[in-house]
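[1] I'd like to go over a predicted model; first the sequence, then the structure.
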Amino acid sequence: MVTDLFSLAGKKALVTGGAQGLGRMIAEGLLRAGADVAITSRKPDICAQAAAEMAALGPCLALPADLSTPEAAVDLADRYRQAAGGLDILVNNAGKTWGAPIESFPDKAWASVMAVNVQTPFKLVQQFLSELTASGLGGDPARIINIGSVAGVAIELLQAYSYSASKAAIHQLSRQLAKDLADRNITVNAVLPGFFPTSMTAHLRDADDAPTGALQGHIPLRRLGRPDDIAGIVVFLCSRAGAYVTGAEIPVDGGIVGCR
């Protein structure tokens with residue numbers, strides 16, 4: 001049945017940065033598809049509140065974590081194991097950005113952004129290799145999804161130099177991991193969101209998000225992304241429907257990448 005094709009019943013997922021923005025959209029989509037979901041956030045109160053709200057959709061566990069260091073990733077993995085056990089789906093969504101004109105772009109904007117956006121996803125893959133390998137089957141592999149960005153493949157007027165570079169890096173890292181982990185029955189894909197109504201795009205959007213706004217005019221489909229747009233691609237990749245997809249970079253951007 002088609003419903004079975006996209007079901008995640010019995011699966012366990014971890015979504016970093018899952019309390020707000022794109023991460024919450026993804027977490028809610030996984031819950032609606034039947035998965036048990038753990039989420040992280042830097043702020044414990046926001047993490048707990050989001051998990052409590054999403055518990056109406058299914059089992060949702062709050063694991064506060066500031067994933068700016070490798071040590072924090074190790075600690076998160078340890079706490080996840082104690083609370084949830086195995087892992088079928090890892091969504092590396094937590095991210096950091098920094099924008100400034102080229103003349104004043106600071107040195108401190110590099111190490112911190114690269115750490116959160118590239119090093120931490122790799123560290124979490126390392127930490128969960130045993131769990132993901134144990135859950136991966138030939139016809140139903142374990143899944144790793146790294147959230148990249150159209151800014152890593154297209155030139156956008158963001159002046160977020162370390163962010164764009166970090167997203168290009170996570171795309172390449174995803175391809176390398178896909179090759180290296182294929183024989184363990186683990187798929188790795190990168191999802192490249194465009195512009196969604198999140199805090200990271202607030203400074204770019206018109207107050208009313210009208211289709212006639214400057215940002216919407218930049219998007220071929222003339223609208224911002226919606227929660228189902230990002231949740232749908234992630235559920236697809238994590239379900240039986242996406243079991244044969246690995247090493248892919250999938251833009252979810254209203255045509256910004258593909259229509260240029």
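    Received, thanks.

[2] Quick check, pLDDT for the nearest residue to residue 255 once chain neighbours are set aside.
    Nearest residue to residue 255 in three dimensions, chain neighbours excluded: residue 220, at 3.2 Å (C-beta to C-beta, 6 or more residues apart in numbering). Using the backbone N, CA and C atoms, a C-beta is placed for each residue, glycine as well. Looking at residue 220, its pLDDT is 94.

[3] close enough to count as contact, residue 84 and residue 61?
    Yes - between residue 84 and residue 61 a contact is recorded at 6.2 Å, counting by C-beta atoms under 8 Å.

[4] what sits in contact with each of these two?
    36, 38 (C-beta atoms under 8 Å, 6 or more residues apart in numbering).

[5] which regions of the stretch 1-150 of the chain lie under the pLDDT threshold?
    Scanning the stretch 1-150 of the chain for pLDDT under 70 picks out 1-2.

[6] one more time with 90, if that's ok
    Low-confidence segments of the stretch 1-150 of the chain, defined by pLDDT under 90: 1-3.

[7] can you tell me how far residue 68 sits from residue 102?
    Distance, residue 68 to residue 102, by C-beta to C-beta, to the nearest Å: 25 Å.

[8] Looking only at neighbour counts, state which of the two leads.
    More crowded of residue 68 and residue 102, by other C-beta atoms under 10 Å: residue 68, with 18 against 7.

[9] sorry, back to before: give the full set of residues in contact with the residue nearest to residue 255.
    Applying C-beta under 8 Å, 6+ apart, we find residue 220 in contact with 254-256, 259.

[10] Buried only: go through the residues you listed for me.
    254, 256 (16 or more other C-beta atoms under 10 Å).

[11] Among the contacts of residue 220, which one sits closest to residue 247?
    residue 256 (21.6 Å; C-beta to C-beta).

[12] now that closest one: how far from residue 34?
    With C-beta to C-beta as the criterion, residue 256 and residue 34 are 32 Å apart.

[13] Same check on residue 93?
    In terms of C-beta to C-beta, residue 93 sits 19 Å off from residue 34.

[14] Please identify which of the two sits among more neighbours.
    Shown here are residue 93 and residue 34; by other C-beta under 10 Å, residue 93 has more neighbours (27 against 17).

[15] Would you check that that one makes contact with residue 147?
    Yes - here residue 93 reaches residue 147: they are 4.4 Å apart, a contact under C-beta under 8 Å.

[16] Please enumerate the shared neighbours of the two.
    Contacts common to residue 93 and residue 147, judged by C-beta under 8 Å, 6+ apart, are 22, 26.

[17] right, and the secondary structure at residue 145 would be what?
    Three-state assignment for residue 145 (DSSP: H, G, I helix; E, B strand; the rest coil): strand.

[18] Now it: closest residue in space, sequence neighbours ignored.
    Counting by C-beta to C-beta, 6+ apart, the residue nearest residue 145 is residue 91, at 4.8 Å.

[19] Who are the packing partners of the helix or strand hosting the one you found?
    Following DSSP states H and E, one finds residue 91 within strand 89-92. Secondary-structure packing of strand 89-92 (3 or more C-beta pairs under 8 Å, 6 or more residues apart in numbering; DSSP states H and E): strand 12-15, helix 21-32, helix 120-127, strand 142-147.
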